[in-house]
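Novice: prediction below, plus the sequence it came from.
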Amino acid sequence: MFLSRFDGQAKLLVRALLCGTSGAHRALDVFHRQQRVNPDMSLSVFMETLCQDDVACPRTEAQPLTVKPLVCLFPALFKQNLLSFIYLIHSVLPSTTVLRLLKCLGQDPHPSPWVIALVRQLERNNGTHNDQPLYTPKCSQRLKELSQRLVGFGETGGWAMCFSGQTVESDSQHASGLSELGTQRKRKSSFVTLDSDCEETGQQSKRMKMDFSDSECLNVEELRPKEETSGRSESEAPAETLCEELQQAPDSPCDALSENIKVKVLHIKELLESQTEWDQISLEVFKVLNDCDPGQVEVLCSMLSLPDLPEQALPNLCSSILAPALDFSYSTAATLIKSLLLQKVLSLSEPASRCLVTAVTSLCSRYPRPTCHALIGPVLEEKNIGNSQAELLNRLIEGCLDSHYRLLVLQMTFKILWSEAVLSVIHSLLDSKPDFSEELFTQFSEQLISQGPQFTKSVKFAKMMLTVLTKYNSHVTAAHKHSLQGCLMVNETFLKKSLQAALKRITHT
């Protein structure tokens, strides 16, 4: 009935806090997911609503209507979950906000022992000097009775003797209790909960070796069983696993990322794993890349496992990082392109898929220089590239690179050993008619002469030479002509005569 007082996001938190004894950790999961979507979200409105006065309905007609803070009108378990949740996230809440809520809870005439303990603990955490113990007088009495049973705890073997005594006393009942124990183990363990009289109403956790019926747990964190983690949905596991990876290993590379970037990494991870269309709000998360230095971008790409990203996810990702609001530096773009595309291109054994072609061409059109150095160059340097890689590079040359970058790619081929696939790329570069300088053409002709002997029977090499002699005959000097004559003499293809005729037609004035 109180849900109408809250907005959409706060309603999710309230529902989580009402979910039994696991409500605090359910609310924590909800809060983390909301933070991933909106890192700037605040719980101020949620806390303010809980502190607002509301009319308390009387239990009997004889009782008058009273006004109490809304938080006091919720069940005791909700208050316990709420305080446990605040304890888990107290670092992101202003002390004044927390203390105001605790003051409102002080108006509850019948608080449970758990609420009393948690209120006192939170008051201590927020700078209020509360010397009162966390436990109730009844609990104090039980602790005294327990300590009297542990006689000699300060001597050697005191605690061990106590528990040994418990074991000896129970040995006589061991045989008769086996069947009962087996039955209890089959039951699902539950949390230990306390009513207003501080009585135990739930079973002890399966982790407890012995059952002390007169004891009670004082540490809120001990109420969280290990089974809770395994009970979460599989859809939440990847993001939670990544979150744990980001928080552990103090010397790991992820320490280079700020907390804001880590939150964005989690959000990007969720987007990459989703099968739905991304909305405009989701695209905003990629602006974090503008705030990263080269090292942080590399760590971020590694955390997102971009080399292993399915090709089906490439269109969504590329449309995001190519948004008009984003304009990456050379180093950021190069790192992204290398992480995202290089391994996919190198592993091609058949023509590239439509998704991969779209991604490569769109990134190359927007960031041609980073693509040349981070993708095209490394692919050319790979010794075993095949026709699939050559075909993809030729599409980039023809559709995405202007003359300046085509010459840059051609210069890259001067530093590697040519193969049939590389010859195909060079031929595509020559067909695009880049603007050769005299010095660059001289370097290219030297490569033709030095690498030509291994292609005496290659038709691709012969066709490339024919293109040079026909389309670039104005660049061929007398010195070039003399050197190329010797290269053509060893050619053994059916194009040899055509090559010699084309070279002979080149005249110099």
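Specialist: Ah, there it is.

Novice: and the gap between Cys19 and Arg26?
Specialist: Distance from Cys19 to Arg26, counting by Cβ to Cβ, to the nearest Å: 5 Å. In short, each C-beta sits where N, CA and C put it, glycine included.

Novice: neighbour count winner among the two?
Specialist: Using other Cβ atoms under 10 Å as the criterion, Cys19 and Arg26 rank with Arg26 on top: 21 against 15.

Novice: would you agree the more buried one is in contact with Leu18?
Specialist: No - taking contacts as Cβ atoms under 8 Å, Arg26 lies outside contact range of Leu18: 9.3 Å.

Novice: any stretches of the stretch 301-450 of the chain with poor pLDDT?
Specialist: Along the stretch 301-450 of the chain, the model assigns pLDDT under 70 to residues 325.

Novice: can you give me the helices for it?
Specialist: 314-321, 330-337, 343-346, 354-366, 368-371, 377-381, 387-399, 403-413, 420-431, 438-451 (DSSP state H, counting those that start in this stretch).

Novice: now the ones you listed in JSON lines, with distance to Phe78?
Specialist: What follows is these, written out as JSON lines (distance: least, Cβ to Cβ, whole Å):
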{"stretch": "helix 314-321", "distance to Phe78": "40"}
{"stretch": "helix 330-337", "distance to Phe78": "46"}
{"stretch": "helix 343-346", "distance to Phe78": "50"}
{"stretch": "helix 354-366", "distance to Phe78": "48"}
{"stretch": "helix 368-371", "distance to Phe78": "54"}
{"stretch": "helix 377-381", "distance to Phe78": "58"}
{"stretch": "helix 387-399", "distance to Phe78": "59"}
{"stretch": "helix 403-413", "distance to Phe78": "63"}
{"stretch": "helix 420-431", "distance to Phe78": "67"}
{"stretch": "helix 438-451", "distance to Phe78": "76"}
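
Novice: make TSV out of those and add mean neighbour count.
Specialist: Output for the helices of the stretch 301-450 of the chain, formatted as TSV (neighbours: other Cβ atoms under 10 Å):
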stretch	mean neighbour count
helix 314-321	19
helix 330-337	21
helix 343-346	17
helix 354-366	19
helix 368-371	21
helix 377-381	18
helix 387-399	19
helix 403-413	18
helix 420-431	21
helix 438-451	15
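
Novice: between those, which one is nearest to Leu73?
Specialist: Proximity to Leu73 (Cβ to Cβ) singles out helix 314-321 among the helices of the stretch 301-450 of the chain, at 44.8 Å.

Novice: what's the angle from that closest one to helix 330-337?
Specialist: 170 degrees (axes from the mean of the first three to the mean of the last three Cα atoms, to 10 degrees).

Novice: packing partners for helix 314-321?
Specialist: In terms of contacts (3 or more Cβ pairs under 8 Å, 6 or more residues apart in numbering; DSSP states H and E), helix 314-321 is packed against helix 280-283, helix 354-366.

Novice: CA atoms only: put that helix into CSV for me.
Specialist: What follows is helix 314-321, C-alpha atoms only, in CSV (Å, rounded to 0.1, in the frame of the first residue of the first chain):
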residue,chain,number,x,y,z
LEU,A,314,29.5,-5.6,-34.2
PRO,A,315,26.8,-3.5,-35.8
ASN,A,316,25.5,-2.3,-32.5
LEU,A,317,28.9,-1.6,-31.1
CYS,A,318,30.2,0.2,-34.2
SER,A,319,27.1,2.4,-34.4
SER,A,320,27.8,3.4,-30.8
ILE,A,321,31.5,4.2,-31.1
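
Novice: residue boundaries of the strands in the chain?
Specialist: 53-56, 66-69 (DSSP state E).

Novice: packing partners of the first one?
Specialist: The criterion is 3+ Cβ pairs under 8 Å, 6+ apart, and the helices and strands that strand 53-56 contacts are strand 66-69.

Novice: buried set for the strand it packs on?
Specialist: For strand 66-69, the neighbour count (16 or more other Cβ atoms under 10 Å) marks Pro69 as buried.

Novice: what pairs with it, parallel or antiparallel?
Specialist: strand 53-56 (antiparallel) (DSSP bridges).

Novice: quick check: mean pLDDT of the partner strand?
Specialist: Mean pLDDT, strand 53-56: 75.

Novice: dump it to CSV, restricted to CA.
Specialist: Output in CSV follows, covering the C-alpha atoms of strand 53-56 (Å, rounded to 0.1, in the frame of the first residue of the first chain):
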residue,chain,number,x,y,z
ASP,A,53,5.2,11.7,7.9
ASP,A,54,2.3,9.5,7.2
VAL,A,55,-0.9,8.6,9.0
ALA,A,56,-0.7,5.4,11.0
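
Novice: show me the protein divided up by domain.
Specialist: Under the assignment automatic domain parsing, the domains of the chain span 3-137, 436-509.

Novice: okay if I get those domains as JSON lines plus distance to Arg406?
Specialist: Output for these, formatted as JSON lines (distance: least, Cβ to Cβ, whole Å):
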{"stretch": "domain 3-137", "distance to Arg406": "43"}
{"stretch": "domain 436-509", "distance to Arg406": "10"}
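
Novice: which of those domains sits closest to Val297?
Specialist: Counting by Cβ to Cβ, Val297 lies closest to domain 3-137 out of these; the figure is 18.7 Å.

Novice: endpoint to endpoint, the closest one covers what distance?
Specialist: Start-to-end span of domain 3-137 (Cα to Cα, to the nearest Å) is 36 Å.

Novice: apart from its neighbours in sequence, what residue is nearest Met47?
Specialist: Leaving aside its chain neighbours, Met47 sits nearest to Thr97 (5.0 Å; criterion: Cβ to Cβ, 6 or more residues apart in numbering).

Novice: just give me the neighbour total for the one you found.
Specialist: Residues near Thr97, counting by other Cβ under 10 Å: 18.

Novice: all numbers from here: first residue = 383
Specialist: Got it, the first residue is 383 from now on, which makes the last one we talked about Thr479.

Novice: tell me the pLDDT of it.
Specialist: Predicted confidence (pLDDT) for Thr479: 84.

Novice: check contacts around it.
Specialist: By Cβ atoms under 8 Å, 6 or more residues apart in numbering, Thr479 lies in contact with Leu425, Ser426, Met429, Glu430.

Novice: same question, Thr740
Specialist: Leu696, Pro697, Cys700.

Novice: ok, so of the residues you listed, who is nearest Gln771?
Specialist: Leu696 (17.2 Å).

Novice: surely the closest one and Val739 touch.
Specialist: No - when contacts are counted by Cβ under 8 Å, Leu696 is not listed as touching Val739 (9.7 Å).

Novice: returning to what we had before: least confident of the domains of the chain, on average?
Specialist: Looking at the domains of the chain, the bottom one is domain 385-519 with a mean of 79.

Novice: how far off centre is that one?
Specialist: How far domain 385-519 lies from its chain's middle: 31 Å, per Cα atoms, centre = their mean, to the nearest Å.
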